[in-house]
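1. Here is my input, please return the structure:
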Amino acid sequence: MPSHPCVIDCDGEVLRIGGDVDDLAVPALRSALETYGHLDPLVVELSDAHYLSSLAVSQLVGAMRASEGAGRSFTICAEEGSAAQMVLAVLVIPHTPTRCGRDTAAPAC
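-> A predicted model of the protein is given here:
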């Protein structure tokens, strides 16, 4: 199975996470969520994530709970049919099943 390096980038509006978000990528994910967790709203775009480890999902859920507990909006986006969207759907994690960001018309973003 080919490896897809984890890529994390934020344009000030959307935190984009792609590639394989495996256990080795979790520290970078945690750091990005801490760095950009103050954004309100915080939009996390996962459509280009090929793999999400259980630790990565745990970090996302923890960040979502922390943001909501602080009264900030936290939205996870993953395009319908993407690997990330399927994981989020199976685990019943609230998400928007479309791409989010400046170049899209997703209403939640």
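2. what about the nearest residue in space to residue 77 that is not next to it in sequence, helix or strand, and which?
-> In this structure, residue 77 finds its nearest non-sequential neighbour in residue 100, 3.6 Å apart by Cβ to Cβ, 6 or more residues apart in numbering. All C-beta spots, glycine's among them, are computed from the backbone N, C-alpha and C. Following DSSP states H and E, there is no helix or strand that holds residue 100.
3. got any ranges where this protein has weak pLDDT?
-> Residues of the chain meeting the criterion pLDDT under 70: 1-2, 102-109.
4. Who does the residue nearest the centre of it form a beta bridge with?
-> With distances taken as Cα atoms, centre = their mean, the chain has residue 44 as the residue nearest its mean C-alpha position (3.8 Å). For residue 44, the beta-bridge partners under DSSP bridges are residue 15, residue 76.
5. show me the contacts for the closest residue to residue 73 other than its chain neighbours.
-> Leaving aside its chain neighbours, residue 73 sits nearest to residue 41 (3.5 Å; criterion: Cβ to Cβ, 6+ apart). If a contact means Cβ atoms under 8 Å, 6 or more residues apart in numbering, then residue 41 has 72, 73, 74, 75, 109 as its contacts.
6. Sketch out the helices for the chain, chain order is fine.
-> For the chain, the helices defined by DSSP state H cover 26-36, 54-69, 83-90.
7. Okay then, goodbye and thanks.
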